[in-house]
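Asker: Sequence isn't available, so here's the structure alone:
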């Protein structure tokens, strides 16, 4: 099993297109310790997105600077809490039993964050995601 603490950068950007940013309990930013005229590689931070926007607002004068919401497993599960899904035999999506919720061999998931991400995308595509 892969160890991830949150959605990766590409997953975060995709989820940010349709999830409320206030549901993100973490964020990525590329602020540099060199100052406001520099940017670094994106890195995940444990500060929730809305708070990060306020704290890092002085850096927003640099157009290359980004604050991107990202979600921990706990935040992803909160999004999936309603409606609580049960076994869907046709599409094989389930969060009721984590031992079988992300069959690695069939879907290629090797961590629960990836499984939740894929499930949220699927629910969004089917217009079943209740926010």
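Answerer: Okay, I see it. These numbers come from a predicted model, not from an experiment.
Asker: can you pull the pLDDT of the residue nearest the centre of the chain?
Answerer: Among the residues of the chain, residue 71 comes closest to the average C-alpha position under CA atoms, centre = their mean, at 3.5 Å. The model reports residue 71 with a pLDDT of 97.
Asker: who's in contact with it?
Answerer: Applying CB atoms under 8 Å, 6 or more residues apart in numbering to residue 71 gives the contacts 6, 7, 12, 15, 19, 23, 24, 25, 26, 79. Just so you know, the C-beta spots here come from the backbone N, C-alpha and C atoms, and that holds for glycine as well.
Asker: Tell me how many other residues surround the fourth one.
Answerer: Which is residue 15. 24 (other CB atoms under 10 Å).
Asker: With the second one instead?
Answerer: Burial of residue 7, expressed as a neighbour count using other CB under 10 Å, amounts to 29.
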